[in-house]
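Visitor: After the sequence you'll find the predicted model.
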Amino acid sequence: MVNTLSTQDLANFEKIFHPQRVAIVGVSAEGFGFGSNTMMALQTFGFKGEIFPVNPKGGTIRDLKIYPRIEDIPGEIDFGIIAVQAPLVPKALEDLRKKGAVGAEILSAGFKELATEQGRALEDDVKRVAKTGIRVIGPNCFGIYCPKSGLTLPPGSEYCNEPGTIAFLAQSGGMANDFIKAGKWLGLRFSKVVSFGNGADLREAELLQYLAQDPDTKVICMYIEGVGDGTAFFNTLKKTAMKKPVIIYKGGLSEAGNRAVASHTASMGGSRMIWESVLSQANAVKVANSWEMSQAALAFTLLPERSFKGITVAGGGGALGVTACDTAEALGIHLPMLKKETQEKILSVLPKPGSSALNPIDVANPGVPPEILREVLFSAAEEESVDLQILIQLLYQYKAFRRGGMPMKEATPYVGIAEMSEEIREKTGKPVVLVLPNNVQGEEDIDIEEVRRAARTLFLEKKILPFENLPDAFTAISRVNRYYERREVMKG
């Protein structure tokens, strides 16, 4: 269903994302700059290939020889990183090509985004060199983050080095940096992240085409300010979305946002109506901000590849149930009423008075232990109309249940909840999703936040999907539902 790249194209992309010999042009033995920072980030992050710093002054940096010229590097190289002043970039790019590099990322700014004649001319020079046989990421970008190969973008030495299945394409280097950092604690693990800036050569359509064929990538996220070829992008997006979820955050749809992206990456934001129509026709997953993008990506990563038509919600407190019903209905999610015999079975183990088993299931007390919740969720999972269950856990309530100054980690049964949720999923085939609201955030409640983070980490280790609140959970699940349902329709 997806247009395929040639064998040579795929081989070149492989070298770009997994290079063995990298030249960094613009590294200085003194002071700091993008070149030096990138080199140190690669070393600290764990890049296992060879690094060749380049600067006309020569010298050494961190026990590595600095070569005065690219042509002085012994042997061929696979990939180049350019961090010199804009007027010097085309020559450096040409020298890298002659040295065998199949690709290069240009961190330098000062091109088309300046909206000056000189900037546009320099970017045209970059395009000219690229056409002679070297693929270019940038200029005005942060480049590539690929945990599997050890490539990272500045200042990414502290990024997570565990490979994953999520790819992210971003015109903004800052957005790429923030998304990678947030992913570390959110549980997002990446196959590839590309900050491509102005996109003089490689940009959204061709990178998307590659990711559609990349076996390491299962979910694709994109932050787009503008596209180079609208028709090519739409056709590639539609074909890719038939194979993998593509989550898109489109920047610059407002009048002010349109002006901002023009000065950022020299892109045109475009009409909101046109973009919404394009994304809908392609069955892309449209999100309004990076937080929604992260929640959708996590849902697509941890949930089975199908829609979930019937959902139960269980938790302590009647108001939570009311919120669940209102939010679910607005997003097209069905909360089926449980059968009378199922209700009776659930009520037989819940505390009284105050509990309810209609769906939402009100367990009456936020401190109901995991062994009771296990019986509740197993009973609900027996219903054919139930595909997924949401369990709301108010961990902060356990602070009031402590005895004798017991530490919060001991007072909170999150380990039992994780084990119970995993067991239910494995035995019934129906996922359990956790919602962990945080309604107390004062300095005196730091211990509660520590427990929430420990619980979240454990849930993620067990592939249990955690959310901060119920609306986030329903919104992400509804996006999963819509994508898989529409894909089946589009398949015919």
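Guide: Alright, I've got the coordinates. Numbering: from 1, shown residues only.

Visitor: Apart from its neighbours in sequence, what residue is nearest residue 12?
Guide: In space, and not counting its chain neighbours, residue 12 is closest to residue 102: 4.5 Å by CB to CB, 6 or more residues apart in numbering. Where you see a C-beta, it was placed from the backbone N, CA and C, and this is true even at glycine.

Visitor: Quick check: pLDDT value at that neighbour.
Guide: Predicted confidence (pLDDT) for residue 102: 98.

Visitor: Ok, residue 422 next?
Guide: 97.

Visitor: Repeat that for the one 5 residues further on.
Guide: According to the predicted model, the pLDDT of residue 427 comes to 97.

Visitor: check which helix or strand covers it.
Guide: Residue 427 belongs to helix 414-428 when assigned by DSSP states H and E.

Visitor: For residue 117, see how far away the residue nearest to residue 12 is.
Guide: Using CB to CB, to the nearest Å, residue 102 is found at 31 Å from residue 117.

Visitor: Give me the number of neighbouring residues for the residue nearest to residue 165 when sequence neighbours are not counted.
Guide: Spatial nearest neighbour of residue 165, chain neighbours left out: residue 218 (3.9 Å); criterion: CB to CB, 6+ apart. For residue 218, the neighbour count with other CB atoms under 10 Å is 18.

Visitor: Surely residue 218 and residue 303 touch.
Guide: No. If you go by CB atoms under 8 Å, residue 218 and residue 303 don't touch, sitting 11.8 Å apart.

Visitor: Next, count neighbours for the closest residue to residue 197 other than its chain neighbours.
Guide: Distance criterion CB to CB, 6+ apart; nearest residue to residue 197, sequence neighbours excluded, is residue 141 at 3.0 Å. By other CB under 10 Å, the residues close to residue 141 number 27.

Visitor: Going forward, count from 8.
Guide: Shifting the count to begin at 8 puts that one at residue 148.

Visitor: would you say residue 148 is within a helix?
Guide: No. Looking at residue 148 with DSSP: H, G, I helix; E, B strand; the rest coil, it is coil, so not inside a helix.

Visitor: what about residue 330, distance to residue 284?
Guide: 32 Å.

Visitor: Between these two, tell me which one has more neighbours.
Guide: residue 330 (19 against 11).

Visitor: Name all residues that make contact with the more buried one.
Guide: By CB atoms under 8 Å, 6 or more residues apart in numbering, the contact list for residue 330 reads residue 477.

Visitor: ok, now how distant is it from residue 371?
Guide: In terms of CB to CB, residue 330 sits 17 Å off from residue 371.

Visitor: again, but for residue 487
Guide: Residue 487 is 31 Å from residue 371, by CB to CB.

Visitor: between these two, who's got more neighbours?
Guide: Regarding residue 487 and residue 371, a neighbour count based on other CB under 10 Å identifies residue 487 as having more, with 21 against 17.

Visitor: Report pLDDT for the more buried one.
Guide: The confidence metric pLDDT takes the value 98 at residue 487.

Visitor: now do residue 189
Guide: The model's pLDDT for residue 189 equals 94.

Visitor: Now do the contacts for it.
Guide: Residues in contact with residue 189 (CB under 8 Å, 6+ apart) are 195, 297, 301.

Visitor: before we move on, what about residue 331?
Guide: 320, 342, 367, 397, 477, 481.

Visitor: hang on, residue 153 packs against residue 24?
Guide: Yes. Taking contacts as CB under 8 Å, residue 153 lies within contact range of residue 24: 5.0 Å.

Visitor: got any residues that touch both of these two?
Guide: By CB under 8 Å, 6+ apart, residue 153 and residue 24 have these common neighbours: residue 199.

Visitor: Tell me the helices and strands packed up against the longest helix belonging to the chain.
Guide: Assignment by DSSP state H gives helix 477-498 as the longest helix of the chain. If contacts are counted by 3 or more CB pairs under 8 Å, 6 or more residues apart in numbering; DSSP states H and E, helix 477-498 sits against strand 292-294, helix 297-309, helix 325-337, strand 395-399, strand 439-442.

Visitor: burial of residue 461, as a residue count?
Guide: 16.

Visitor: Find the nearest non-adjacent residue to it, please.
Guide: residue 416 (6.5 Å).

Visitor: for the helix or strand hosting the one you found, the distance to its chain's centre please.
Guide: In this structure, residue 416 is located in helix 415-418 according to DSSP H and E. Using CA atoms, centre = their mean, to the nearest Å, the mean C-alpha position of helix 415-418 is found 31 Å from that of the whole chain.

Visitor: before we move on, what about stretch 421-438?
Guide: The answer for stretch 421-438 is 25 Å, by CA atoms, centre = their mean.

Visitor: got it, and stretch 487-499?
Guide: Centroid displacement of stretch 487-499 relative to its chain, using CA atoms, centre = their mean, is 22 Å.

Visitor: Counting neighbours, which bits of it end up buried?
Guide: Judged by neighbour count using 16 or more other CB atoms under 10 Å, the buried positions of stretch 487-499 are 487-491, 494.

Visitor: Could you chop this protein up by domain?
Guide: 14-307, 311-498 (automatic domain parsing).

Visitor: ok, residue 279 - how many residues close by?
Guide: 14.

Visitor: One more: residue 339?
Guide: 12.

Visitor: repeat for the one 4 residues further on
Guide: Number of residues near residue 343 (other CB under 10 Å) recorded here: 17.

Visitor: I'd say it and residue 315 touch.
Guide: No. Assessed by CB under 8 Å, residue 343 is found out of contact with residue 315, at 11.6 Å.

Visitor: next one: phi and psi at the residue nearest to residue 172?
Guide: Per-residue torsions, residue 225: phi -110, psi -30 (degrees, to the nearest 10).

Visitor: Could you measure from it over to residue 440?
Guide: For residue 225, the distance to residue 440 (CB to CB) stands at 19 Å.

Visitor: follow-up on the earlier one: quick one, what contacts the residue nearest to residue 461?
Guide: The contact partners of residue 416, by CB under 8 Å, 6+ apart, come to 457-458, 461.

Visitor: ok, which stretches of the stretch 108-257 of the chain are helices?
Guide: Per DSSP state H, counting those that start in this stretch, the stretch 108-257 of the chain carries helices over the ranges 124-137, 180-193, 211-220, 237-248.

Visitor: can you put the ones you listed in a markdown table and add distance to residue 406?
Guide: As requested, the helices of the stretch 108-257 of the chain are exported to a markdown table (distance: least, CB to CB, whole Å):
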| stretch | distance to residue 406 |
| --- | --- |
| helix 124-137 | 58 |
| helix 180-193 | 22 |
| helix 211-220 | 45 |
| helix 237-248 | 45 |
